[in-house]
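Trainee: Model the following, please.
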Amino acid sequence: MKIETSFPGEAHTSDNMTIWLPKYNLLFGDDFRAGKKNSGIIDEANMEAWLNTMKNLMYV
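Mentor: The predicted model follows:
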């Protein structure tokens, strides 16, 4: 099975990786809750990069 990995940018952590399974049209990623007031534990998050990372994910 083909598996694709990507680093779309920092978000919840600085080493935020995604895994794409094209056969199943399935994307696994870190905690990408966007637009919520409570985004969970953000001790390691880069909140300034979050939006750009989300945009990058749309083109992975």
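
Trainee: where do the strands sit along the chain?
Mentor: 4-6, 18-21, 26-28 (DSSP state E).

Trainee: and residue 46, which of the ones you listed is closest to it?
Mentor: strand 18-21 (15.5 Å; CB to CB). (Glycine included, C-beta is placed from N, CA and C.)

Trainee: So what touches that closest one?
Mentor: With CB atoms under 8 Å, 6 or more residues apart in numbering as the contact definition, strand 18-21 has outside contacts at 1-8, 26-30, 57, 60.

Trainee: buried stuff in it?
Mentor: 18, 20 (16 or more other CB atoms under 10 Å).

Trainee: What of stretch 2-14?
Mentor: Buried residues in stretch 2-14 (16+ other CB under 10 Å): 6, 8-12.

Trainee: Repeat that for stretch 48-60.
Mentor: Of the residues in stretch 48-60, those buried (16+ other CB under 10 Å) are 49-50, 53, 56-57.

Trainee: Show me which of those residues is closest to residue 42.
Mentor: Scanning these for proximity to residue 42, where the rule is CB to CB, the winner is residue 50, at 9.4 Å.
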